[in-house]
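Asker: Pasting a predicted model and its sequence here:
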Amino acid sequence: MPDNVITVSNLNKSFGKVRAVVELGFAVRGNTCFGFLGPNGAGKTTVMKMLYGKCLRDGNGDTVVDVFGYDPAKNELAIKSLSGVVQQEDNLDDELNVIQNLWIYSKFYGLEKTAAKEQIDYLLDFLELSAKAKSRIRELSGGMKRRLVIARALMNNPRLLILDEPTTGLDPQVRHLIWDKLHQLKKRGTTILLTTHYMEEAFQICDEVLIMHKGRKIMSDKPQNLLKQNVEQYVLEVTGSYSSSLLNSQELLQNVRIERAEEMTRLYSNDTEKLRSFAGRLRGAQYYLRQANLEDVFLKATGRGLDDKQ
Amino acid sequence: MTSSDILKIPPLWHRLYSVWFRHVRVYTKNMFSNALPPFLEPLLFLLGVGLGLSRYVTQTMEGLSYIEFLGTGLLMTSAMFTASFECTFGTFIRLEFDKVYDGMLAAPITANNLIIGEILWAGTKGFFFSFAVLCILTAFKIVSLPYSLFVPLIGFITGVMFATLALLVTSFVKTINHFNFYFTGLLSPMFFFSGVVFPITNLPGKIRPIAEVLPLTHSVRLARAICTNSYSVSLLGDLLYVIIFILVVGFFAVRRLRRRLVN
């Protein structure tokens, strides 16, 4: 078992009266991918920022934040030199072209000229941007910009890669390409920390997932375990404002959990036959029977309604 | 688990240099549109004044012809304005709109490094802009070489000084339009009342102390002394003012702006 690369306990952060992160604790093992799931405003980004010193945590005496043995409050430079960060916005220099954007960052990391050139060539190739080396940033698609930001974050061959919603707003091809690259990086020993809204993403690439809501940890485990332990195996989704006496039938719906929204009724159960036979009795209503996924866990944990931060 | 054996943290000078380098790289990317105006502006100014106004101004000012007096003043106002633009609008855009600083702060650079790199870059622009004015002044034989070659150094110091003030202002500003108050409220008056267009000895006795407080006054005196190669002991006071201004205002600017970068 590799050692923990990140250890955090009793982490708090307030912005004025708003408590963005509340008594959070987690540990990330080396060479794994750790995912933060949570609605907008859950505090995921704030946690990432506190790890590399972009955000200051509240001063509690018993808070521990340890990244590679360093505390970001005292040794941010050490942590930054061992990490790469992909932020939510594509904060590239629009005035410069692709290669110049990377060139500037090679200076930030103190790379020698020849080493920098090699590394830039390698990164352009790794993220399939070689053909765009001389392009201006404005000419790049959203997916290319994202890949360039990732390339930039890999300039120092980081041992820890922090990604804040790396695939939000991207098309499926680019998303899969990025997942593929992250898998490759993990194979080479990079520890990956990411935040995402995409359950599929968390399921595909994370070894462990932490679900956050309103600054607090709701649950944390391997994605498969979260599924097994927190939600029924199957879901029957009935579309439309369906209300029928069938839903009140105790006999038909024993061990079935029902969730009602305005335009959708969901029935959860481990017994697929029971759901199927129920579906058979629905005359005229549209329905869809599927396996439960992480999204169901997530919605169950964080609720379907929006709060004022979302 | 510590890993100090493989840590590669660039030394302080390199961190400051890399921030400075970033700005140079972005600025020189549009060489034509960025480097031409600093030469054109003093040229237009001198043509306008030289062809029009100066024949009506026959008195000497502090022993200089009007065009000499004004020209040596412009060396410093150009440094003042470029540093001020860079560290108000420029800094604010990088901070709030382009989010350039967010990316930079993920690299091994502290917020302090970043802000000081910013100030050094504004100083460099002050150097370059006063050098551009110097080229024009020399071409028109308004100032003479070689003494005046040192004046871009005062341009650098003036750039640094106004960068610290601009960054302090920026640390308070919530929307970019607020900078208009700074430019019309402070910099424009400074242009007129710091001994650039007329000697401050001509100001009414009650207003004169105010002119002495304005930072540009001291830059202009230093620049004029270099151009005319005539030094006096009182210049040490001007130099001291500039140094103390940079240290004090710079201290508060870094402290306040850091809180906007790392919150």
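Answerer: That came through fine. Numbers count the residues shown, from 1 in each chain, chains lettered A, B, ... in the order given.
Asker: what's in contact with stretch A:47-55?
Answerer: A:6, A:8, A:11, A:13, A:21, A:24, A:36, A:46, A:56-57, A:65, A:67, A:72-73, A:76, A:79-80, A:83, A:85, A:162, A:164, A:193, A:195, A:212, B:102, B:105-106, B:262-263 (Cβ atoms under 8 Å, 6 or more residues apart in numbering or on different chains). Yep, even glycine has a C-beta here, placed from its N, CA and C like the rest.
Asker: swap in stretch B:8-28?
Answerer: Applying Cβ under 8 Å, 6+ apart, the external contacts of stretch B:8-28 come out as A:77-78, A:81, A:93, A:95-96, A:100, A:103-104, A:107-110, A:156, B:34-35, B:104, B:108-110, B:113-114, B:116-118, B:120-121, B:124-125.
Asker: before we move on, back to that, what subset of the contacts of stretch A:47-55 is buried?
Answerer: Neighbour-count burial (16 or more other Cβ atoms under 10 Å in any protein chain shown) is assigned, among the contacts of stretch A:47-55, to A:6, A:8, A:11, A:13, A:21, A:24, A:36, A:46, A:57, A:65, A:67, A:72, A:76, A:79-80, A:83, A:85, A:162, A:164, A:193, A:195, A:212, B:102, B:105-106, B:262.
Asker: before we move on, back to that, so which of the contacts of stretch B:8-28 are in helices?
Answerer: A:77-78, A:81, A:100, A:103-104, A:107-108, B:34-35, B:104, B:113-114, B:116-118, B:120-121, B:124-125 (DSSP state H).
Asker: so what's residue 140 up against?
Answerer: All of this is about chain A. A:98, A:132, A:148.
Asker: wrong one, chain B
Answerer: By Cβ under 8 Å, 6+ apart, the neighbours of B:Phe140 are B:46, B:50, B:71.
Asker: distance of it from B:Gly63?
Answerer: B:Phe140 is 19 Å from B:Gly63, where distance means Cβ to Cβ, to the nearest Å.
Asker: those helices in chain B, which residues are they?
Answerer: Going by DSSP H, chain B shows helices at B:12-29, B:31-35, B:37-51, B:66-85, B:91-92, B:100-104, B:111-139, B:151-172, B:179-182, B:188-193, B:208-213, B:215-228, B:234-261.
Asker: which parts of the stretch 151-300 of chain A sit against chain B?
Answerer: Residues of the stretch 151-300 of chain A lying close to chain B by Cβ under 8 Å from any Cβ of the partner chain are A:152-153, A:155-156, A:159.
Asker: try 10 Å
Answerer: A:152-153, A:155-157, A:159, A:162 (Cβ under 10 Å from any Cβ of the partner chain).
Asker: and stretch A:265-283, how far apart are its ends?
Answerer: Using Cα to Cα, to the nearest Å, one end of stretch A:265-283 lies 15 Å from the other.
Asker: Pull out the buried residues from stretch A:215-222.
Answerer: A:215, A:217-221.
Asker: How far does that stretch sit from its chain's centre?
Answerer: 13 Å (Cα atoms, centre = their mean, to the nearest Å).
Asker: same deal with stretch A:146-157?
Answerer: 18 Å.
Asker: same thing with stretch B:84-94?
Answerer: Centre-to-centre, stretch B:84-94 and its host chain are 13 Å apart (Cα atoms, centre = their mean).
Asker: Now do it: distance from first to last residue.
Answerer: OK, stretch B:84-94 end separation, Cα to Cα: 15 Å.
Asker: Does it reach chain A?
Answerer: Yes. Applying Cβ under 10 Å from any Cβ, one finds stretch B:84-94 in contact with chain A at B:Arg94.
Asker: buried set for that stretch?
Answerer: Those would be B:84-92, B:94, for stretch B:84-94 by 16+ other Cβ under 10 Å.
Asker: for stretch A:174-181, same thing?
Answerer: A:174-175, A:177-179, A:181.
Asker: CA atoms only for that stretch, dumped as CSV, please.
Answerer: Only the C-alpha atoms of stretch A:174-181 are listed here, as CSV (Å, rounded to 0.1, in the frame of the first residue of the first chain):
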residue,chain,number,x,y,z
VAL,A,174,-12.3,15.2,-25.6
ARG,A,175,-13.7,13.9,-22.3
HIS,A,176,-12.6,10.4,-23.1
LEU,A,177,-9.3,11.6,-24.4
ILE,A,178,-8.7,13.4,-21.1
TRP,A,179,-9.8,10.4,-19.1
ASP,A,180,-7.4,8.3,-21.1
LYS,A,181,-4.5,10.6,-20.4
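Asker: Could you confirm A:Val235 falls within a strand?
Answerer: Yes. Under DSSP: H, G, I helix; E, B strand; the rest coil, A:Val235 sits within a strand.
Asker: Report how many residues lie close to it.
Answerer: 21 (other Cβ atoms under 10 Å in any protein chain shown).
Asker: can I assume it is in contact with A:Asp296?
Answerer: Yes. Under the criterion of Cβ atoms under 10 Å, A:Val235 makes contact with A:Asp296 at 6.2 Å.
Asker: Now for those two: what residues contact both?
Answerer: A:259, A:266, A:268, A:290 (Cβ atoms under 10 Å, 6 or more residues apart in numbering or on different chains).
Asker: Point out where the stretch 1-150 of chain B drops to low pLDDT.
Answerer: B:1-6 (pLDDT under 70).
Asker: if we can go back for a sec, which one of the buried residues of stretch A:215-222 is nearest to chain B?
Answerer: A:Gly215 (15.9 Å; Cβ to the nearest Cβ).
Asker: For that closest one, give me phi and psi.
Answerer: Main-chain dihedrals, A:Gly215, degrees, to the nearest 10: phi 80, psi 0.
Asker: OK, contacts around it?
Answerer: A:Gly215 touches A:11-14, A:18-24, A:38, A:41-44, A:46-47, A:309, counting by Cβ under 10 Å, 6+ apart.
Asker: Distance check, it against A:Cys206.
Answerer: 20 Å.
Asker: and B:Phe150, how many neighbours?
Answerer: 14.
Asker: residue ranges with poor pLDDT in chain A?
Answerer: A:1-2, A:241-246, A:248-252, A:304-310.
Asker: Quickly list the domain ranges of it.
Answerer: A:4-222, A:232-291 (automatic domain parsing).
Asker: which one of the ones you listed is the most hemmed in?
Answerer: Among the domains of chain A, the stretch with the highest mean neighbour count (mean count of other Cβ atoms under 10 Å in any protein chain shown) is domain A:4-222, at a mean of 19.
Asker: And it, end to end?
Answerer: Start-to-end, domain A:4-222 (Cα to Cα) is 16 Å.
Asker: Tell me the gap between that domain and the middle of its chain.
Answerer: Here domain A:4-222 is found 10 Å from its chain centre; the criterion is Cα atoms, centre = their mean.
Asker: How many neighbouring residues does B:Gly52 have?
Answerer: 9.
Asker: can you pull the contacts of it?
Answerer: Taking Cβ under 10 Å, 6+ apart as the test, B:Gly52 contacts no residue whatsoever.
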